[in-house]
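1. Quick one, structure for this:
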Amino acid sequence: MSGRKFTGWHMTGILVAFFGVVVSVNVFMARAAISTFGGTVVDNSYVASQKFNGWLDKAEAQKALGWTVSARLNGSRHVELTADLGQVPLRNAAVEALVRHPLGRVPERSLRFDQTQEGIWTSREALPAGRWIVHLTVRRGGEAHRQVEDLL
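-> Next up is the predicted model:
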């Protein structure tokens, strides 16, 4: 064998390089996680778990209404909502929406809607570019349909 010997200095260099990469990746990932954390989903998971069956009952009651509600962004970035009851456009309904940025960097805002066609409502305000989470509420009489959708 002709060549240089593998010495303790070589092994030291390999170990320092390896652990240097591991530590730098960990520091980067921890910093990224802290700077992009958008908050909590629920403040107290135990209390939320006590309300879970009630939430399921409300979901079943909402499903029994038979309403189909969907939201999307149109070309001008206005939220467009369609609602129907068994393929028939929903009439005489009021629409409310609260939009949030998923990372909480932009304050949440309420959207106001105008009915543009039968069963179709369009928000008065356009959303800035990016991903948004919209919390929709459609009310008619004493009935309400709530839904959360991601908009890109």
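
2. Now do the helices in the chain.
-> Assigned by DSSP state H, the chain shows helices spanning 8-36, 45-50, 52-65.

3. Throw those into CSV and include distance to A97, thanks.
-> Placement of C-beta: from N, CA and C, glycine included. CSV is the format used below for the helices of the chain (distance: least, Cβ to Cβ, whole Å):
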stretch, distance to A97
helix 8-36, 25
helix 45-50, 23
helix 52-65, 16
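
4. Relative to R100, which of these is closest?
-> If you check each of these against R100 by Cβ to Cβ, helix 8-36 wins as the nearest, at 14.8 Å.

5. Nearest to V79, out of the helices of the chain?
-> Closest of the helices of the chain to V79 is helix 52-65, at 20.1 Å (criterion: Cβ to Cβ).

6. Any buried residues in the closest one, and which?
-> Counting neighbours by 16 or more other Cβ atoms under 10 Å, one finds that the buried residues in helix 52-65 are Q62.
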